[in-house]
Each structure stands twice: as C-alpha cells, then as structure tokens.
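Asks: turn this into a model:
(chains A, B and C)
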Amino acid sequence: MTTAARPAGRQRRGSSLAPSWQKGYLLASPALIAMIAILIYPLGYSFVMSFYRWDLASPSQYFVGLSNYRDTFNSLGFQQTLRVQLIFSFVTIAIEVVAGIGVAVLVNSKLRGLKLARTLLLVPPMIAPAVVGLNFRWLFNGQYGLVNAILRYLGLPEAPWLSDPNWALASVMIADIWQNTPLLVLLFLAGLQSLPQEPIEAAQVDGASPWGIFWHITLPLLRPVIMIVLMLRIIDTFRTFDVIWLMTQGGPGGATNLVTVNAYLLAFQSASFGHASAVSYIALFLSLIFLALLYGVPWMRRRLRRTS
Amino acid sequence: MTASATASPVRRRRGRPAMRDGITAGLVIRYLVLIGTVLLTVFPLIWLVLTSLRSSADIFAVPVRVLPESVTFNQYVAVFSQYGLDNYLWNTVIVSVATVVLVILCAVPCAYAMARFNLPGAKVVVSILLIMRMIPVVALAIPLFAVFASIGLLDTLTALVLAHTASKLPVAIWLLMGFIQDLPKEIEESAQMDGASTLRIIVQIVSPLIAPGIGATAVITFLFTWNDLLLALTLSSSEAAQTLPVGLTNFVSQFGIDWGAMSAAGVMMVIPTLIFVWFAQGLLVKGLVTGAVRG
Amino acid sequence: MSIRLTRRGFLGGSAAVIGGSTLAAPYIAQAQNADEIRALLITGGPLYPKYWEKVVADFTAKTGIKVKYDLLEFTPLTTKIVTLGAARSPLYDVFSTHTAQIDSFFNYFGPLNEYFTADELKDFYQVGVDYLVDPKTKNLAAIPRNMDARTQYYRSDVYAEHGLKAAVTWEDLVAVSQKLTGNGYYGLVVPGQGDPAQRTFSDYLWQAGGDWVDDQGKPAFNAAPGIEALTFYRDLIQKWKVVPPDAVSYQWNENSTQFSSGAVMDTFDWPGAFATLANPETSKVVGKWSTAPYVRNKTAISCAISHAMALNSMSKRKPPAVEFIKYTVSPEAQLLNFNEYSNFPSRLSVAKQVVSEATGAKAEWLAQLEQTIATGKEWPKLPGFSRVCTLMFSTIERALSNQQTPEEALNQAAAEALQIMTQAGAYN
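Replies: Okay, the predicted model is just below:
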C-alpha cells in the first residue's frame, strides 16, 4: 500500500479539499454497498445456512450445528469427490505449470510469428468454458468424435473417453489443460521478459549449459511468478464447474464430481441447501489450506534455515 | 515484480553472440515447440467451426470425415429459427454491457479512494476483496437465488446484472488500484491546489491517465460476464433472462444432441472473444498479467 | 466508451442505478403479469413447443385467461422447480411435473384434491394418481396429464433378416442382442446415467422380484434381487458388451438417438418415441421398426408413471391457475396430445377411446402399453427418498462403470439411504 507509507503531514498541506477518510468512503460507497448487499450478505447467509437443515422436505429451517459438515465427510459421494478433486487439482496444475514454463522458456527468443502466436494463445483462456466443455464432449464422442476417429485411422485401440471413470477424469483434465496452459505460457513469458538479464548473460559467457542456466538461474528468478500462478490455479481448480458440467455432469458414477459440481448437485438436484452450502465452504477451506501450505512451507523453511 | 516492469518488455539481444553455437538445433526445437503449441491451441476451435458448417447427415458420418462434404450454413439458420438464439444473444449482450458499465462506474471511484486516501480499514477491505476472488461461485449462487426469490427478482435480467456487478467488482477494484498506484501523484496534487474537486480529479485527470487500465478492466469484466454459466443457470428459468451459455445447455434435448446447431451457437458465442483478443490484445494481456501478478 | 460514461456524474449515477433498479424491478415484474398466470412447462424434442402453443391458445380462446409460459427440458425443469421451491417463490402459478421427483415438491405444490372431486379423479389411472399423493398428508400434489410407461422398440427389418423375434425374457435379450452386435452396430441400448439409470435399474429390480423398501419402509434394494438386477444391467454393458460402451454416459436423449439413427437394433423407450420414430425429421428408421412388450424375468413389472400438472401453493392467482391445470388434463387436450405426439392419456375414458380407434401396429403397441401400465409400479414417495434418488444415480453409475461391484455399491447406498431417510423423518 503506497498510501499507508505516506506521511500524514503532507496531506494536510493540500487545499481545503484535502482527502478525508469520510470522502474516501463516500467515493467507495457505491462499490462497497453493492458488494455488501449482493456479495457479502448472501455469502454470510449461506455460511450460516451451512449450520442449518434447509431443504424442501422440511420447510422450516432449524439449527443442526456441524451436522451438515459431518454428513458431508461421512458420505461416500463426498469422499469420492475429495479424491477426484485432489487428483484433478494436482495433475492439471502440475502439467499446466510445467508445460507453461517449458513452452515459455523455449519460445522466449526472437522467433518469427511469436506475436501472432501470442494472440492465438490468448483465445482458449478467454472463451467460455461452456463452449470448451461442449466442444471437447464432441471431440471425445465415442462413435462420431474426432479423437477416436484419429485413433482408429492410426490403427490404435479406441478409448472410452467419457464412459470410463478414469478416462472421463482424464478427458476433463485434458479440456482444462487445453484451456489454461496458454494463459500460463503468456504469464511466464511476461515474467521471463521482466527478468534481469545480467545473471543469465554472465553465465552464458562462463559457458554454462542452457539447462544449467534454466535450472540454476531462470527458474529461481521466476519463483515469484510461479508462486502467483500456483495460487491462481489452486483457487481456480477449486472453482471449476462449467467445463465439467457440460462434459460429464460429474459422471460417470461421480468420477468427475469436483467439489463445486457436488455442491451444485446437492443444492439444485437434491434440494439440500444446507449440505450444499457446507460443501461449498469446505471447497473454500480446502483451497485456503493449500494456499497456506504453498506460502507457509517455504516461509517455515526459510525461518528454520535462518535459525540453524 | 510490479506491473510496470512486466509491461515494459526488456529486449535481450545482447546475449546473441554467446548463443551462436547450437543455434540451428536450438532454433529448430524452438520453432517446433511454437508451432506445436499453436496447432494444439487452435485445432479444437477449427473443429468446432468445421462441425458448425456440416449438414446433420455429415456430422453423423461413419467413418468420420475430416473435411465437410459440402459447406452449409443451415446450422446457423437453425439456431435462430429453431432454437431462438437471437433472444439468448440479446440477453447476454444486455447483461454483459450493463455489468461493464456498472462495474466501471462503481470500481473507479472506489479504487481511487483505496489507492489515494488514507482509509481506516482499507487493508481489511482489500483482504476481503481477495478472499471474494477465492469463493466458489456456487457458494454465491445458492444464497443469491434465495435472496432474489424473496424480493421477486428471480428470472430477470436485473438480477443477473446485479449478481455479475457485485461478483466482478472485487477483481475490477483490485486491477484499477494497481493502475492508479502506478500514477505519479504530482499531477493530482497540483490540480488539487488549483481547487479541483476530487470528483473532477477522478473524471478529468485520473480516468484519462488510466484509460488503458479502465479498458483492460472493462474487457475482462465483459468477457467473464459473457462467459458465465453458473449464475445464469441458477438465477434464470425462462427466455426472459436466459443467456447464451444456458442456451447451449438447452441443445441437449430429450431426443438427441444437435451437435451441428450447438457448434454453430458455440461459434457465435466465441466471436466477441475473438474480436477482443484480436483488437484489444494488449489491454487483455496487460489486465491479466497485472491482475495475476498483483493477485 | 466506458471512459466517456465515467465522465457523466458517475457517483450519483451509479448509486441511483443500483438503488433504483433494485427497488423498481420487483414492481415492474409484478405489474407486467398482474392479468395473466405464469406456467413453467416441460418440453423435449422439436415437437413439444407446438403442443403447448396450441393448448395455451385454445385455453385462452375459451376462458380469456392469458398464460405466459416457459419451457424447460425434464432435468433442468426438475432442478428449477427444486430451487424455486426451496426459495418458496411465487414466480410461477402452474408447473409441469413428473412422478419421478414429486416427493421433492410435496411442501411446495398446493393440494389439488380441493379442486377435483373423488368422482372426477376416478377417471384417471389409479396408478397415476396414487404416486402423486403425499403419503403423510394424503394430499394430491399433482394431477396426471399423460401416462408414461416403456415398451420395447426393435428393428423389425433387421430382426426378420436374421430370423429373430423380439426378446421376451432377460436371457432372450442377451442372446438376441449378441447376434446383432458387431461391425460398429449394437444389439441393444440402455441409458446409464442419472435419473434414466435409476429408472432402468428400478425396472430390473422389480423384474428380479425385489423392491426399493421393505414393509417398514427401510431400504431393501440391496437384497439378492437388487444385486441380480444391477449385475444384469452392468453385464449388458461390460460383460456381454451388447450395448455401446458409452452407454454409462447416456441419458434418454442419447439413448433415443442411438436407436433413431439406426446404430442400435433394440431399445426400451417412452410413448413419445412412437411419434418421433415415425417422423422422417427425427428418425432414420421410419417404417423399419416394430414394438413389443418390455422384457421380463421373474416378474413383468416396469414403471407406470406420469407427467403431471401442479399448482404452486404460493400462487396469488389460484382460481385461474387451477382452471388452466384442469384444461391441460381435459379429454380434449389429452386427445390432441395423443394424436399428434403419441403421449398416452391419463384418463381411462380417453385411453379407452384411442385404443378402440387404433388399428394395426398402433393397436398392438397400445395393447402392450396398457398391459405395462396395468402391472406398473413406481418407487416409494417416503420422506428423504428424493435425496436417496440422487444417491442412487452415482451408486448405479459406479457399478455400471466397474468402479465397484454391484453388491458393494448397493450395500453402501442402502446404509446411507437409511441414514438420509431417518434424518428426513421417514420413520417418525
């Protein structure tokens, strides 16, 4: 916050219209009121509701304490959801980040057509996930889909893309990776271009191998960008809904039932709003835990190193 | 890392001589990676376009034909005549445009206040903004449905606009704050001494200076509203308020999925994205990079 | 553009817009439809919208009451009513509904027994009415509009070519389907996802001699007949492979398309298919198919359910809403629904009339349908059972896709179902 560092005396030296916090809040008020009314209040409402029995079967809502959370953790469906979510998050993030860095490092030189490529790379992350989901559902269609047609043409066995639980999870992960990796390439490219060139050039003069330069210089320098990208992707994989909804609706047999899909089904198919709220808050807590690990572990290690 | 550092590309031509050995093999690999990435990126989209240009018989051909037997625009006609796409399209345009206008109107003064005024509790507000960014949309959709139902706003475009405005505000404020903080304060201070009101400073001095930031915020807000499925799916139930992504789900009917018409609708849906990507690429990248890096 | 807009007094403007629209919109919304009723109705396929257009136009011509209606497919429709109900929304006065999920709505739909006399109700199929009654309050939550039951549709041309007859038993079904599977064609198609999967399992469960709950209403679907049913269902896909392997992701739409596109030789489908399969716009197999009764095992039971009409208990325009409901289930509307869309009437009198008028293949099919309805059943409407249904969706899908054995899947589901129903007060 630059404002926080500002000496208080300097403000008063201004005109009679010197910034006052009342005026600041007045300026901020339309946005704050809108967010409080339409964002924070409903979210608080559903947080409270996650401790209530709230469904169609019982028109009166009553407090049940942690029962919704307990039911959720006990239910088989949610245990499967948790497993699927962790696999989905871990695999997609790992592939996206590795591929993103790899491609970015390799194309980060004066290549012909790079500008056009950057424009094209911007398309997948910006188009509607709903369209991505439908398109991949069509590509992976067992009989008429292109992917199996290519496999047939190459004489390879066809894959049960959307009908086998493991393949279905792979299919939705492929769609997610297709959509998000290009964005990471662009972010890493931007990151690479803002890196100081001196250490890299010095190493090149010393005759270091490209791999050595990448591993010992570029990657450590890129660390802040990697951390931010990891954070964004962790948050977003715990929010993924559209692609899954249009490809598999969480099926077959819950094999692609990520937490948000699970919450949606609980709310809008089983009319169990209390449970659904509990699940969506569990999703939030889970991504918070991962963020805490992401930022907490390196911090702990640094402290340990310093004390030892 | 700051936004300004990423925005100004540092060209690194000086290292060239040292890289001369292995330049051919390295360059070939680089080009292969570049071409491969681009092909993988555009290929599914080309398939979407190809499917939309086929007749229904061609779509269900076995073995699958890579190129359509004959190009037809019947699917595009069908999405309007048979599936009423114009209505979805119109709803989506209204919701997206109204959301962008409201978001910018609310976010600019708010971001300015957060960036330039010594607001007590500003840190709390900012951290709340960040947490808002993390909450799964479904957690918002459930209570919003209940709230809008109780005030009779369900199934109206107003409800969708309000929901989108509120949910896009945190990111918009966050983005704009970054752009405002990067401005030198001197211009505002001299204007202030000349007796300009805060409102005038925002409108006449700050806004033009952060026009790229406002543009980036507007484009990003527009596209994320345009693309949204979950809020529209829960808050609308009829043609009165259903948007394009919800319309897409309607192509899955009890008697078959009309892949051709659906692909045509998908292409229509992607067109604004392509336009923005092509013409506002700089703004978009700036917004995404700034947002990500600051996020 | 956005910059120019910010120049125009943004602060007051934005506050006024937000405040104004929030306050004004509900009144605008209410003012618009003060003189008409609103209905949320079911659709499916290209023909259904025309049916509602005609019924609503006829109704308005007769009564002067305007109806503003919205159409949704079966699954989104159910989802939407669930959410509207949870929010106690008065937005719609009338809903299309269905036996399958009716127990979700017992608290939301207004009792119709106040508007239909016992004599009037006698003209409706008993099995249709029974499952729309709330077992706790004995209120009639909805009134059947048309009966839904499934018959077998098979490719008579291909069967004749191979000298085969339509399957009668489970064993026949496997044997016949095996002979017709190969070269990219499949002998049979069944859906394997969501509500359609539960519906299919339910039919096999009854045919194996089992039922969903025992005499005390406790889950019993994991007993021997349940395991037999789910094993048979899974084996069709995974062991004998007579069903396209993608079937585990099929709902009714994909199921119907497989048959109407000619890729599959046999399926079990709803009455509406009789019209869609005969229409060249929606079918590639016009004139090449015939119907037969549903297959049997120990019993010949399958579902007899109904599409129904319901009244929103929160409605502020109940009298005109009820009038519309009455019109949609009138003999006139049911005849139209049968003649144009082959949806089977829910009124005994209308059913009798259409059966007596039918000839040839249609008469045979109607006889098969009547037989199915006569022996048909539906799953129980106990408190909490609608949540058990969603649990069953994934349970069945897990077994069909070989993630769990049928026994494991059903035992786990039964334990969870008991807990859900106990919590919902099914045994108080």
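
Asks: ok and the residue in the stretch 201-308 of chain A nearest chain C?
Replies: A:Gly253 (3.3 Å; Cβ to the nearest Cβ). Every residue, glycine included, has its C-beta placed from N, CA and C.

Asks: now do the same contact list for that residue.
Replies: A:165, C:248, C:394-401, C:403 (Cβ atoms under 8 Å, 6 or more residues apart in numbering or on different chains).

Asks: nearest residue to the residue of the stretch 1-150 of chain B found nearest chain C in space, please, no chain neighbours.
Replies: Closest to chain C within the stretch 1-150 of chain B is B:Ala149: 3.2 Å, counting by Cβ to the nearest Cβ. Excluding the flanking residues, the one nearest B:Ala149 by Cβ to Cβ, 6 or more residues apart in numbering or on different chains is C:Ala87, at 3.2 Å.

Asks: what about the one you found, how many neighbours?
Replies: For C:Ala87, the count of nearby residues is 20 (other Cβ atoms under 10 Å in any protein chain shown).

Asks: could you report the pLDDT at it?
Replies: C:Ala87 is assigned a predicted lDDT (pLDDT) of 75.

Asks: A:Leu286 reaches A:Thr237, doesn't it?
Replies: No. Counting by Cβ atoms under 8 Å, A:Leu286 does not reach A:Thr237; the two are 10.2 Å apart.

Asks: got any residues that touch both of these two?
Replies: By Cβ under 8 Å, 6+ apart, the residues touching both A:Leu286 and A:Thr237 are A:Gln85.

Asks: neighbour-wise, which of those two wins?
Replies: Taking other Cβ under 10 Å, A:Leu286 and A:Thr237 do not tie; A:Thr237 has more neighbours (25 against 17).

Asks: now do the more buried one against B:Ala264, distance only.
Replies: As for A:Thr237, its distance to B:Ala264 is 31 Å (criterion: Cβ to Cβ, to the nearest Å).

Asks: quick one, strands of chain A?
Replies: Applying DSSP state E to chain A gives strands spanning A:52-53, A:62-63.

Asks: closest one to chain C among those strands?
Replies: Closest among the strands of chain A, once you apply Cβ to the nearest Cβ, is strand A:52-53, at 8.3 Å.

Asks: just give me how far the closest one sits from the chain centre.
Replies: 30 Å (Cα atoms, centre = their mean, to the nearest Å).

Asks: and the contacts of that strand?
Replies: A:61-64, A:67-68, A:274.

Asks: make it 6 Å
Replies: Residues from elsewhere that reach strand A:52-53 (Cβ atoms under 6 Å, 6 or more residues apart in numbering or on different chains): A:61-64, A:274.

Asks: which of those residues lies closest to C:Lys62?
Replies: Closest approach between the contacts of strand A:52-53 and C:Lys62, by Cβ to Cβ: A:Gln61, at 42.1 Å.

Asks: OK, contacts around the closest one?
Replies: A:52, A:54.

Asks: rerun that using 8 Å as the cut-off
Replies: A:49, A:52-54, A:274.

Asks: coming back round to it: settle this for me: the residue nearest to B:Ala149 is touching B:Ile142, isn't it.
Replies: No. Applying Cβ under 8 Å, one finds C:Ala87 not in contact with B:Ile142, separated by 10.0 Å.

Asks: pick out the lowest-pLDDT one from the contacts of strand A:52-53.
Replies: A:Gln61 (73).

Asks: what's the residue most central in space within chain A in contact with, if anything?
Replies: Centroid-nearest residue in chain A: A:Asp236, 1.9 Å away (criterion: Cα atoms, centre = their mean). Listed by Cβ under 8 Å, 6+ apart, the contact partners of A:Asp236 are A:Asn180.

Asks: isn't B:Leu229 up against A:Leu134?
Replies: No. Taking contacts as Cβ under 8 Å, B:Leu229 lies outside contact range of A:Leu134: 10.8 Å.

Asks: and C:Met309, that's in a strand?
Replies: Yes. Assigned with DSSP: H, G, I helix; E, B strand; the rest coil, C:Met309 falls within a strand.

Asks: so what pairs up with it in the strands?
Replies: The residues listed as beta-bridge partners of C:Met309 by DSSP bridges are C:Ser96, C:Ile143.

Asks: take the contacts of A:Gly253 and write them to a markdown table, including pLDDT and neighbour count.
Replies: Below are the contacts of A:Gly253 laid out as a markdown table (pLDDT from 0 to 100; neighbours: other Cβ atoms under 10 Å in any protein chain shown):
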| residue | pLDDT | neighbour count |
| --- | --- | --- |
| A:Pro165 | 88 | 24 |
| C:Val248 | 86 | 32 |
| C:Ser394 | 86 | 28 |
| C:Thr395 | 92 | 32 |
| C:Ile396 | 94 | 31 |
| C:Glu397 | 90 | 27 |
| C:Arg398 | 90 | 27 |
| C:Ala399 | 94 | 28 |
| C:Leu400 | 93 | 33 |
| C:Ser401 | 88 | 29 |
| C:Gln403 | 88 | 19 |
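
Asks: tell me, which of these make contact with chain B?
Replies: The subset of the contacts of A:Gly253 within reach of chain B, by Cβ under 8 Å from any Cβ of the partner chain, is empty.

Asks: strands of chain B, residue ranges please.
Replies: B:252-253, B:256-257.

Asks: comparing those by mean pLDDT, which bottoms out?
Replies: Note on the strands of chain B: strand B:252-253 shows the lowest mean pLDDT, a mean of 60.

Asks: in the stretch 301-428 of chain C, which residue sits closest to chain B?
Replies: Per Cβ to the nearest Cβ, the residue of the stretch 301-428 of chain C with the smallest distance to chain B is C:Met314, at 10.1 Å.

Asks: biggest helix in chain A, by residue count?
Replies: Longest helix in chain A by number of residues (criterion: DSSP state H): helix A:273-307.

Asks: show me which of the contacts of strand A:52-53 are buried.
Replies: Neighbour counting with 16 or more other Cβ atoms under 10 Å in any protein chain shown marks A:64, A:274 as buried within the contacts of strand A:52-53.

Asks: between B:Leu229 and A:Leu134, which contacts overlap?
Replies: A:Leu246.

Asks: give me the more crowded residue out of these two.
Replies: Taking other Cβ under 10 Å, B:Leu229 and A:Leu134 do not tie; A:Leu134 has more neighbours (28 against 24).

Asks: the more buried one contacts B:Ala264, doesn't it?
Replies: No. Counting by Cβ under 8 Å, A:Leu134 does not reach B:Ala264; the two are 11.5 Å apart.

Asks: enumerate the residues of the stretch 101-250 of chain B near chain C.
Replies: So the stretch 101-250 of chain B meets chain C at B:101-102, B:104-106, B:108-109, B:145-146, B:149-156, B:158-159, B:161-162, B:165, B:199, B:202-204, B:207-208, B:211, B:214-215, B:218, B:234, B:237-240, B:249-250 (Cβ under 8 Å from any Cβ).

Asks: repeat that with 7 Å
Replies: Residues of the stretch 101-250 of chain B found near chain C (Cβ under 7 Å from any Cβ of the partner chain) are B:101-102, B:104-106, B:108-109, B:145-146, B:149-156, B:158, B:162, B:199, B:203, B:207, B:211, B:214, B:218, B:234, B:237-239, B:250.
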